[in-house]
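Enquirer: Attaching a predicted model along with its sequence, questions to come.
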Amino acid sequence: MRVTRRTAAVLAATTAAAVALVLVPEWHGDPAAAPVPSAATAPPGTAARPAPAPSASPSWDGKVRLIGDGSTSDTGPQPNRPKAEKLKPGEKPPQFVVFSWDGALENDDHLFSHFRQVAKDNGAHMTYFLSGIYLLPKSRHMLYRPPQHPVGTADISFPTDAHLRATLEQVRQAWLDGSEIGTHFNGHFCGAKGGGDWSTEEWRSELEQARSFVTDWKTNTGLTDVPALPFDYGKALVGGRAPCLEGQPRLLPAEKAAGFRYDASSPGEFQVWPSKRGGIWNFPLQLVPYPDKPVQVLSMDFNFLANQSGDSVAGDPKKYAGWEKQTREGYLNGFERVYNGSRAPLFVGNHFETWNGGIYMQAVEDVVKSVCHRDGVRCVSFEELADWLDAQDPKVLERLRGLDPGQPADWAQLVR
């Protein structure tokens, strides 16, 4: 029977202080009576795919131009960017998988640079949701004016000078790799006076500050020995994910006005083909089958952690191996369901962290290595997925949205 598409209201916090997890039973009955989750507190292939060819850009004249204070620049079309192709009649859709990262700071764990290499080694592009204040030095914190909070404050730490420099280099290289630099906004405020309480005007301010901290980092840092980022962030920034997945209804109008093409802030939905919300693509976290239980869990590291060690990011080490296996299998359960069924895209959300001994990082790395080499799979950024969706016949997409996640499809009837 059909799986309901009701939105799962889930808080996916990124701090150790609060935990949120919803486990949703598998449903095989009347869709109208399916359970709705509520918020709660507290084998690989062998051959790597070749890198996709860059798309043409007839408007670029071949000259590199600095933008503004020289923090960013126009260097032409992004390298390694695939060209979106419309499905041919009867053609099976690719199996898209998007791995995305919230925050995107290169700190002493070097996880940003590590997963950039993982992506390159496995023919993948990823989306890095950069927190704007990670390019704002601690000494200039008073430049940040967060909505409903004192000037210069944030619920995440401002970067050290060394981490700021390292993050700039990883952002540069990620874009040159063909991956996407989105936004995770700035101060990571959740709960009371957080994004869920902000007006559209307040979200607009937060968004514009996030953009400005990237476009004006040279002015704000005083650094003269670091080259400009190789992209125009005013054009390259086309999507984001709100901290704790809060505030999407009032955030969407601000993003739409800023020219965004998608938003990834929805608290969660079942694995179905995406649709638009507020005029832009809605890319939610997804409910995937939890191993060995008749329930589902959101496709993010924090939500697996919450089910395994509760409100602790340093649980019982004796359980790490089992929890790592459980997390890896949970993501692969979600992949296999759609890969052999509807071919709806799979979205995996992550943080650069070492919770529970880094088991969630290893689980995600294992999944990348397992799925990105398989026949018909494309591990892409959210922006590349939006490109592909925009190239399709809307009537075909609507028919695809009618599929259950694991439902075998008659592509000749659906893609016509």
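Expert: Happy to help now that I have it.

Enquirer: wait, what's in contact with residue 105?
Expert: Under the criterion of CB atoms under 8 Å, 6 or more residues apart in numbering, the contact list for residue 105 reads 112, 131, 134, 159, 163, 167, 352. Heads up, the C-betas are built off the backbone N, CA and C, glycines and all.

Enquirer: thought the last one was touching residue 100?
Expert: No: contact criterion CB atoms under 8 Å: residue 352 and residue 100 do not qualify, at 11.6 Å.

Enquirer: Compare neighbour counts for those two and give me the winner.
Expert: When residue 352 and residue 100 are compared for neighbours, residue 100 comes out ahead with 25 against 21, by other CB atoms under 10 Å.

Enquirer: so how far is residue 171 from residue 235?
Expert: Distance from residue 235 to residue 171, counting by CB to CB, to the nearest Å: 15 Å.

Enquirer: Compute the first-to-last residue distance for stretch 309-327.
Expert: With CA to CA, to the nearest Å as the measure, the ends of stretch 309-327 fall 13 Å from one another.

Enquirer: Once you drop chain neighbours, what's closest to residue 74?
Expert: Counting by CB to CB, 6 or more residues apart in numbering, residue 74 lies nearest to residue 65, which is 4.6 Å off, once chain neighbours are set aside.

Enquirer: Now for that neighbour, how many residues are close by?
Expert: Here the neighbour count serves as a burial measure; for residue 65 (other CB under 10 Å) it reads 13.

Enquirer: correct me, but it touches residue 76?
Expert: No: taking CB under 8 Å as the contact criterion, residue 65 and residue 76 are not neighbours in contact, 9.8 Å apart.

Enquirer: contacting residues around residue 227?
Expert: Here residue 227 is in contact with residue 172 (CB under 8 Å, 6+ apart).

Enquirer: Need the nearest residue in space to residue 148, chain neighbours excluded.
Expert: Of all residues apart from its sequence neighbours, residue 193 sits closest to residue 148 (CB to CB, 6+ apart), at 4.1 Å.

Enquirer: thinking again about what came up before, tell me which of residue 235 and residue 171 has more neighbours.
Expert: Under the neighbour definition other CB under 10 Å, residue 235 and residue 171 were set side by side, and residue 171 has more, 25 against 11.

Enquirer: who's the closest residue in space to that one that isn't next to it in sequence bridged to?
Expert: Once flanking residues are discounted, residue 171 sits nearest to residue 181: 5.8 Å by CB to CB, 6+ apart. Under DSSP bridges, the beta-bridge partners of residue 181 are residue 128.

Enquirer: contacting residues around residue 184?
Expert: 102-104, 129-131, 210, 240-243 are the contacts of residue 184 under CB under 8 Å, 6+ apart.

Enquirer: mind listing what the residue nearest the centre of the chain touches?
Expert: When CA atoms, centre = their mean is applied to the chain, the residue found nearest the centroid is residue 100 (3.3 Å). The neighbourhood of residue 100, defined by CB under 8 Å, 6+ apart, consists of 126-129, 182, 241, 264, 347-350, 381-382.

Enquirer: out of those, which are buried?
Expert: With burial judged by 16 or more other CB atoms under 10 Å, the buried subset of the contacts of residue 100 is 126-129, 182, 241, 264, 347-350, 381-382.

Enquirer: tell me which of the contacts of residue 100 is nearest to residue 197?
Expert: Residue 197 lies nearest to residue 241 out of the contacts of residue 100, by CB to CB, at 17.8 Å.

Enquirer: Might one say that the closest one is in contact with residue 349?
Expert: Yes: between residue 241 and residue 349 there is a contact at 7.4 Å, judged by CB under 8 Å.

Enquirer: Pull up the overlap in contacts between the two.
Expert: Common neighbours of residue 241 and residue 349, using CB under 8 Å, 6+ apart, are 100, 102, 264.

Enquirer: Which of the contacts of residue 105 fall within helices?
Expert: The helices, defined by DSSP state H, take in 112, 163, 167 from the contacts of residue 105.

Enquirer: and residue 244, helix, strand or coil?
Expert: Put simply, residue 244 is helix when judged by DSSP: H, G, I helix; E, B strand; the rest coil.

Enquirer: distance of residue 326 from residue 231?
Expert: The span separating residue 326 from residue 231 equals 38 Å under the rule CB to CB.

Enquirer: doesn't residue 403 fall inside a helix?
Expert: No: under three-state DSSP, residue 403 sits outside any helix and is assigned coil.

Enquirer: Now residue 399. Nearest residue, chain neighbours left out?
Expert: Closest residue to residue 399 apart from its sequence neighbours, by CB to CB, 6+ apart: residue 414 at 4.7 Å.

Enquirer: Got the phi and psi for residue 313?
Expert: Summarising the backbone geometry of residue 313 under the convention degrees, to the nearest 10, its torsions are phi -90, psi 10.

Enquirer: Quick check: it touching residue 355?
Expert: Yes: the pair residue 313 and residue 355 qualifies as a contact (CB under 8 Å) at a distance of 4.1 Å.

Enquirer: In this model residue 360 seems to touch residue 111, though I could be wrong.
Expert: No: with contact taken as CB under 8 Å, residue 111 and residue 360 are classed as non-touching, separated by 10.8 Å.

Enquirer: any common contacting residues for these two?
Expert: Common neighbours of residue 111 and residue 360, using CB under 8 Å, 6+ apart, are residue 353.

Enquirer: The two - which one has more neighbours?
Expert: Each of residue 111 and residue 360 has its neighbours counted (other CB under 10 Å); residue 360 has more, 25 against 22.
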